[in-house]
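Here is my input; please provide its structure:
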Amino acid sequence: MITKSAKKAYRQNLRHRARNLQRKNTLHKILKNYKKMAASNKAAAKNELSNVYKALDKTAKAGVIKPNKAARLKSRLTKLIN
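Numbering: from 1, shown residues only. Below you'll find the predicted structure:
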């Protein structure tokens, strides 16, 4: 027999997993678009960098990725356009 609290925890887990996957996929798309932009148009990429930083920080704050990974990606993306 499964307890009520275990059922609730399972439901929460499903919701959190779906939300985290959505955040991860969104971040992946943002990074992919930014890398394409950096390859073709560095001026536009410099203007877009703050939005990419914002997305990385939000994702790290939500716990989807670790803070050090966000910092590492920010460093590498900045290096890409300099």
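
which residue sits closest to the residue positioned nearest the centre of the chain in space, ignoring its chain neighbours?
In the chain, the residue lying closest to the centroid (C-alpha atoms, centre = their mean) is residue 27, at 3.7 Å. Nearest residue to residue 27, sequence neighbours excluded (C-beta to C-beta, 6 or more residues apart in numbering): residue 59, at 4.9 Å. In this view, the C-beta of every residue, glycine as well, is placed from N, C-alpha and C.

give me the number of residues near the closest residue to residue 45 other than its chain neighbours?
Using C-beta to C-beta, 6+ apart and skipping the chain neighbours, the partner closest in space to residue 45 is residue 38 (4.2 Å). As a burial measure, residue 38 scores 18 neighbours (other C-beta atoms under 10 Å).

List the contacts of residue 38.
45, 77, 80-81 (C-beta atoms under 8 Å, 6 or more residues apart in numbering).

taking those residues one by one, which sit in helices?
Of those, the ones assigned to helices by DSSP state H are 45, 77, 80-81.

if we can go back for a sec, okay, and the residue nearest to residue 45 sits in which element?
Using DSSP states H and E, residue 38 maps to helix 4-40.

Any stretches of the chain with poor pLDDT?
The chain contains no residues with pLDDT under 70.

hang on, the earlier thing: surely the residue nearest to residue 27 is in contact with residue 67?
No: the criterion here is C-beta atoms under 8 Å, and residue 59 misses it with residue 67 at 10.0 Å.
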